[in-house]
Structures are given as structure tokens and as C-alpha cells.
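[1] fold the following for me, if possible:
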Amino acid sequence: MPKSPAPHAAAPSRDWAELSIALVAGLGLAITAIFLCAVPLAGHMAASRDFISYWSAGRQLVQHANPYDRAAVGSLEHASGLDVRGVLVMRNPPWALPLAYPLGFLGLRFAAVLWSLLLLGSLIVSVLIVRRLHGSPHNHIHWLGLAFTPALICLTMGQTSLFALLGLALFLRCHGARPFAAGAVLWFCALKPHLFLPFGVALLAWVLYTRAWKVLAGAATALAATTALGFILAPHAWPNYVAMLRSPLVAGEFVPCLGDALRHWLFPTRHWTQYLLAAIACVWALVYYWRRRRAWNWTHNASPLMLVSLAAAPYCFLYDQGLAIPALMDAGYSTRRRGLLIVLAALIVILDVQLCFVKIVSVLYLWTAPVWLAWYLLAAEQGIGKK
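    The predicted structure is shown next:
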């Protein structure tokens, strides 16, 4: 009998998909290697990254000073070699202060290298966890996670979004067998709570419906412990934090995401309007969970939740979108359309090229979060309502 032509017909698509993944991953690896080698040699690189806001916050804490004091932080940063206009102030809630505190005992360069290695480790571990959740398939789709441009930007800038990614991956890994630990690791997600609003609504509904009290206890314990430690380090941290967020320079800043763009374009004087999309998304998340509550699977159902959370976030920078990695890997593993993997690789390259010519705070990056969601819907081969 003649052999079926189907396998031969699919081979070119598989080959092109694997080649595109390898090329994009190689580019991402090269960028990461160059950066990690350059940081110890160039002190001005450490001083010009967002990382310096965490280092300066740590310095302030060591000196029993206000980590959210813009003037004091600015003097410290410029004395350390900050060569950009303005001041980089840590914007994470006070329960994140214990994370910054140890940095205050270290020199800027050494702290920058250590911080970069921690972020890189968080990215690698997160991708490996998600891969294992899907049965460690024998393909290279996880390489796209390692080469995902927003995650690499987060690494080079020294932002905490990769810690939040690690918290998300660990929760997906632990929620069944180790519920208390699963709740505790959500503290990493709480470093940037505004990125998890719809996700958090569905999570709370799941806890209440399934009576997953150990998850709730773990989260409450971690938040209470770090909040208490933050209070010890800086007793007035919360009012100082709120004052920093309400300052004109922060409140009036444009962030290239749909929620903040809506506020700037339509309601420039009403800051609450940047939460409109998030509020609508939270209602959708509750309905989404309730319709699937009897067959809920966090490994798969978290994917659209996280992508919608990013697309509707009240403020979300490009580097925060590294949190889309688990969802993109989920769809990449499930899709039968191998050509869509080539499309995702091409989108990553397009974003890499755009970054060479356009500043990261440009309105031209509004396309990214909606496109990751649209790609997921296509690759999953079914709509949100069917998954």
C-alpha cells in the first residue's frame, strides 16, 4: 500500500516552526549573554536601569529613611551615576520592602549582577515549570518563552515582573499538592497586584467555591509577615507610598497600555477611568470562572485570565507582559497549527526591531498585549467561552 502523504506534508511546517523558534531563541540568548557580561564592566549600566530604584530604596531603608522620598532617592541615584533625566522611585507596595532591603548593604555593581542573576533564574525556572506542567513535550516551544521580548526587557531593566512570573508559575505548580505554599508564593504576584486584577477575582471565587482555605491562609500569612517586616523597616511606608502614587509626576505619567490610554485620551482629569477596562474584565473573569467551576483547571484556564488581565490592566509596561509566557506556552503546546508558532516568532522579532527605534513608553506599543491575547485565541483553536 502507498504511504500516506500526510506526515510528509506536515514536515515542512514543523521544520519551519522549529527553525523560527531556534533563530528567535538564539537571538534572545545572545542579547541576554551580552547584557550579563556588560553589567559588571559598566557601572553606568547598573545606574541607568530601573534596578537602581530598588537599590536606592534598600539604601534608604538601611539608613532608616523614607524609600519613597523622591528628593532623597534622586540625590542618591545621581550620586551613583544615574545618567537619565528624572528619578527612578520604587513603586511596589510596602510589603515588597523586605525584597529591596538587602540590596542596601551591597555596592551598586555587585547588587546589579546579583539582581540580574535572580531575575534570569526566575525566568528559566518559570519556563521549566510551565513546560513540566504540560508533560515536558519533546519540542522547543519553551525556547520562545526564554526568548520572549518583554521578559528580556524586564531582565535588562531589572524590573520585578519576572519575580511575579515565578510566583504565577509556582502557584500553578503547587495549588493542588501544596495549597499553603501555593498561597504563600502568590506574594511574588502581589509585587505588582495591578497586573492580576481579573486573575485575582477568579482566584478568590475559586477559593470560596472550593473552600481552598489553605491557599488563602498561605497568601494571608505571606502578606502579613512581609507587611509587618516592612512596617518595622519603615513605619510610615504606607502613607509615604500613597503620597508618591498621588504625586503629579506619577499620576500624570503616560503608560502605553489600553487602560491608561483610555484615560489620557478621553478623561485626562479623571484618574479613576484608567480602571474602567479592569473593572469590566473583573466581571468577565467572575462569569468565566463560574461557568467552568466544576471542571476548573488552573494550568489551562489561567491562560486567558492572565492575558485579559494584562490587556485590561490600569497600567502595564511592556516588560510586565512577560507574565504572558505561561499562556503563550499553553497555546503553543495545544495548537495543531504549527504555522502559528512561526507567527509568534515573527511577532517577537517585529517587537525586537521596534525597540531599536521606538522608546519603550511610546503609544506604538499599545498593540502588544491585545496581540498576545488574539494569538492565544487563534492558537488555542477555540474561543474563551469554549476552553
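[2] contacts only, for residue 214.
    Applying CB atoms under 8 Å, 6 or more residues apart in numbering to residue 214 gives the contacts 179-180, 183. C-beta coordinates here come from the backbone N, C-alpha and C atoms, glycine included.
[3] restricted to helices, list those.
    Among the contacts of residue 214, the ones falling in helices (DSSP state H) are 179-180, 183.
[4] okay, the residues you listed in a markdown table with neighbour count, pLDDT and distance to residue 380 next?
    Output for the ones in helices among the contacts of residue 214, formatted as a markdown table (neighbours: other CB atoms under 10 Å; pLDDT from 0 to 100; distance: CB to CB, whole Å):
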| residue | neighbour count | pLDDT | distance to residue 380 |
| --- | --- | --- | --- |
| 179 | 20 | 96 | 27 |
| 180 | 16 | 97 | 31 |
| 183 | 26 | 97 | 28 |
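[5] how many neighbours does the closest residue to residue 104 other than its chain neighbours have?
    Distance criterion CB to CB, 6 or more residues apart in numbering; nearest residue to residue 104, sequence neighbours excluded, is residue 58 at 3.1 Å. Per other CB atoms under 10 Å, the neighbour tally for residue 58 reads 24.
[6] shouldn't residue 58 be in contact with residue 103?
    Yes. Using CB atoms under 8 Å, residue 58 is in contact with residue 103, at 3.6 Å.
[7] any chance of a markdown table for the ones in helices among the contacts of residue 214, columns distance to residue 119?
    Below are those laid out as a markdown table (distance: CB to CB, whole Å):
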| residue | distance to residue 119 |
| --- | --- |
| 179 | 27 |
| 180 | 26 |
| 183 | 23 |
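[8] which of the contacts of residue 214 lies closest to residue 89?
    Nearest to residue 89 among these is residue 183, at 29.7 Å by CB to CB.
[9] wait, the closest one sits on residue 223?
    No. With contacts counted by CB under 8 Å, residue 183 stays clear of residue 223, the gap being 9.5 Å.
[10] so who does residue 352 touch?
    27, 149.
[11] which strand or helix spans it?
    Here residue 352 sits within helix 339-357, counting by DSSP states H and E.
[12] same question, residue 359
    In this structure, residue 359 is located outside every helix and strand according to DSSP H and E.
[13] how near is the nearest residue to residue 59 once chain neighbours are set aside to residue 206?
    Nearest residue to residue 59 in three dimensions, chain neighbours excluded: residue 104, at 4.5 Å (CB to CB, 6+ apart). Separation of residue 104 from residue 206 (CB to CB, to the nearest Å) stands at 38 Å.
[14] per-residue pLDDT, residue 345?
    Note on residue 345: pLDDT of 89.
[15] what about it, how many residues nearby?
    Using other CB under 10 Å, residue 345 has 23 other residues around it.
[16] surely it and residue 21 touch.
    Yes. Assessed by CB under 8 Å, residue 345 is found in contact with residue 21 at 5.9 Å.
[17] where do the contact lists of those two overlap?
    By the contact definition CB under 8 Å, 6+ apart, residue 345 and residue 21 are jointly contacted by residue 144.
[18] just to revisit the earlier point, and the residue nearest to residue 104, what does it touch?
    67, 100-106, 111.
[19] those into a markdown table, with extra columns for pLDDT, secondary structure and distance to residue 306?
    Compiled in a markdown table, the contacts of residue 58 are given as follows (pLDDT from 0 to 100; DSSP: H, G, I helix; E, B strand; the rest coil; distance: CB to CB, whole Å):
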| residue | pLDDT | secondary structure | distance to residue 306 |
| --- | --- | --- | --- |
| 67 | 95 | coil | 29 |
| 100 | 96 | helix | 26 |
| 101 | 96 | helix | 29 |
| 102 | 96 | helix | 29 |
| 103 | 95 | helix | 28 |
| 104 | 93 | helix | 33 |
| 105 | 94 | helix | 35 |
| 106 | 91 | coil | 33 |
| 111 | 91 | helix | 30 |
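[20] which residue packs closest to residue 213, ignoring adjacent ones?
    In this structure, residue 213 finds its nearest non-sequential neighbour in residue 207, 7.5 Å apart by CB to CB, 6+ apart.
[21] quickly find the element holding that neighbour.
    Under the criterion of DSSP H and E, residue 207 resides in helix 197-210.
[22] next SSE downstream of that helix?
    helix 213-233.
[23] so where is the stretch 101-250 of the chain shaky, pLDDT-wise?
    Counting by pLDDT under 70, the stretch 101-250 of the chain contains no low-confidence residues.
[24] if you set the cut-off to 90 instead, what comes out?
    107-110, 112-113, 137-145, 147, 156, 246-250 (pLDDT under 90).
[25] which residue ranges of the stretch 51-200 of the chain form helices?
    Taking DSSP state H, counting those that start in this stretch as the test, the helices found in the stretch 51-200 of the chain are 51-62, 70-79, 97-100, 108-133, 141-146, 149-157, 161-174, 179-184, 186-189, 197-210.
[26] state the distance from residue 265 to residue 366.
    Look at residue 265 and residue 366: by CB to CB, they are 11 Å apart.
[27] higher neighbour count, the two?
    Each of residue 265 and residue 366 has its neighbours counted (other CB under 10 Å); residue 366 has more, 14 against 9.
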